[in-house]
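Trainee: Let me see the structure of the following:
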Amino acid sequence: MTSTTTTRTPEPPDEGQPRPARLIHTESTTEIPVHLLFRDEPAPVPEPAGTATVTRTPAPAPATGERPRLRRPVPPRPRPVAEVDPALVERPARVLPGAVGVLAGACGAAGCAVTSWWAGVLPPLVTEALRLPVSAGAGLGPAQWAAYAGAGALGLFGIGGLARGRTGRAWVLGLFGRYRGTVRRTGLLWVNPLLLRRRVDVRLRHWRSEPMPAADSSGVALRVVVLVVWRVRDTARATLGVEDHETYLRECVEAALARVPVEMPGSGRGPVGAAVEPLTRLVARDAGAVGLEVYAVQPVRAEYAPEVAAAMHRRRIAALDAQQRASMLTSVVDSVEDTVTRLTMRGLVELDDYERKALVKDLTVAFCAGRGEQGA
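Mentor: Numbers count the residues shown, from 1 in each chain. Okay, the predicted model is just below:
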């Protein structure tokens with residue numbers, strides 16, 4: 001006897017009858033009662049023996065006509081790079097040869113001497129030494145004081161502007177807070193004495209830092225000493241872009257050490273110099289915005305931080321002790337095996353399983369005690 005199961009298709013409601021209130025209307029589906037969407041599947045009922053089982057194929061879920069909303073992957077935003085005023089770029093300043101200042105100073109001194117002779121206040125010894133005619137002695141009037149002021153100003157302006165340029169040094173000039181140029185020339189120069197001068201070292205420099213906080217790939221705190229090779233490329237940005245470019249470089253190195261793991265020598269997790277390239281790239285990018293050129297950032301010494309140094313020391317001692325114990329145990333086992341094998345192969349003794357186990361135990365204890373006394 002065979003029983004079949006049929007599925008009844010619900011008849012569409014008449015047009016004259018009112019429709020149920022809780023219905024879902026979509027573009028590509030028919031009207032589906034809301035309670036059918038959340039109905040639990042009925043538990044399977046066991047069929048009596050002797051009946052054929054008809055497998056029902058679940059109908060595909062009705063389409064709703066709405067496209068699934070997929071979130072587009074948002075690309076990670078790059079870290080913003082430090083920027084300085086693009087108009088702040090190094091340019092050469094206008095200076096004159098030092099001979100101009102020397103000549104102006106000499107003219108000012110000569111003008112003061114002539115004014116003193118004109119006023120009649122020049123000492124007679126000087127007049128006789130210079131073989132000057134006797135002055136009428138007009139006295140110190142307004143004209144004489146004006147001549148003194150002009151000659152003195154000319155001399156001070158000429159002598160005060162003299163400067164000596166050195167190799168590897170530069171001056172950043174400013175007037176009332178405005179950048180007026182950079183002087184990289186060497187020798188005796190004349191610079192406007194009204195300009196503010198800031199000396200900058202543009203030589204290739206090596207900076208060895210104090211121990212800085214860092215971490216290895218496992219997050220263990222370290223103290224790292226780095227050697228930085230750098231120089232000032234743009235004096236205007238290095239002097240005016242930041243308050244102190246050396247302090248800024250130090251902070252850039254600290255920030256790079258916080259992002260790049262540094263491995264301890266002999267840790268086996270990677271070469272010691274593996275952090276040189278990423279450290280140099282990060283520091284050069286950050287320091288380049290203020291006119292600094294970084295060639296290398298090399299960790300020269302690394303040690304554990306004080307808060308973890310004791311724990312790491314105990315861990316290393318325990319690892320060495322475990323390695324030594326494993327090596328000693330291997331040596332003892334090899335010695336016991338060789339002794340028992342030789343005794344049995346040469347026929348010196350005949351041992352059953354119990355006697356063999358007892359001999360192995362005694363030899364192991366004896367060899368371990370002997371190795372322990374040798375190690376002590």
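
Trainee: Next, the contact list for the nearest residue to Arg356 once chain neighbours are set aside, please.
Mentor: In space, Arg356 comes closest to Val340 once its chain neighbours are excluded; the distance is 6.9 Å by C-beta to C-beta, 6 or more residues apart in numbering. Where you see a C-beta, it was placed from the backbone N, CA and C, and this is true even at glycine. If you count contacts by C-beta atoms under 8 Å, 6 or more residues apart in numbering, Val340 has them with Arg356, Leu359, Val360, Leu363.

Trainee: element containing Val340?
Mentor: helix 306-345 (DSSP states H and E).

Trainee: Check the offset of that helix from the chain's centre.
Mentor: Distance of helix 306-345 from the chain centroid (C-alpha atoms, centre = their mean, to the nearest Å) equals 42 Å.

Trainee: how about it: buried residues?
Mentor: Neighbour-count burial for helix 306-345, counted by 16 or more other C-beta atoms under 10 Å, picks out Met312, Met328, Val332, Ser335, Val336, Val340, Leu343.

Trainee: packing partners for the following helix or strand past it?
Mentor: The C-terminal neighbour of helix 306-345 among helices and strands, as given by DSSP H and E, is helix 353-375. Other elements packing on helix 353-375 under the criterion 3 or more C-beta pairs under 8 Å, 6 or more residues apart in numbering; DSSP states H and E are helix 306-345.

Trainee: tilt between the helix it packs on and helix 353-375?
Mentor: Computed by axes from the mean of the first three to the mean of the last three C-alpha atoms, to 10 degrees, the angle separating helix 306-345 from helix 353-375 equals 140 degrees.

Trainee: Just the mean pLDDT for helix 306-345, thanks.
Mentor: Helix 306-345 shows a mean pLDDT of 78 in the predicted model.

Trainee: now swap in stretch 194-206 and tell me
Mentor: 95.

Trainee: just checking, what packs against the helix or strand hosting Gly111?
Mentor: Here Gly111 sits within helix 98-119, counting by DSSP H and E. With contacts defined as 3+ C-beta pairs under 8 Å, 6+ apart, helix 98-119 has these neighbours: helix 142-160, strand 162-165, strand 187-190.

Trainee: Roughly how far does the residue most central in space within the chain sit from Glu263?
Mentor: By C-alpha atoms, centre = their mean, the chain has its centre lying nearest to Ala256, at 1.6 Å. Applying C-beta to C-beta, to the nearest Å, the value for Ala256 to Glu263 is 15 Å.

Trainee: And for Arg197, nearest residue in space, chain neighbours not counted?
Mentor: Trp171 (4.8 Å).

Trainee: Would you enumerate the residues in contact with the one you found?
Mentor: Contacts of Trp171 by C-beta under 8 Å, 6+ apart are Ala93, Ala163, Gly165, Thr182, Val183, Val191, Arg197, Arg198, Arg199, Val200.
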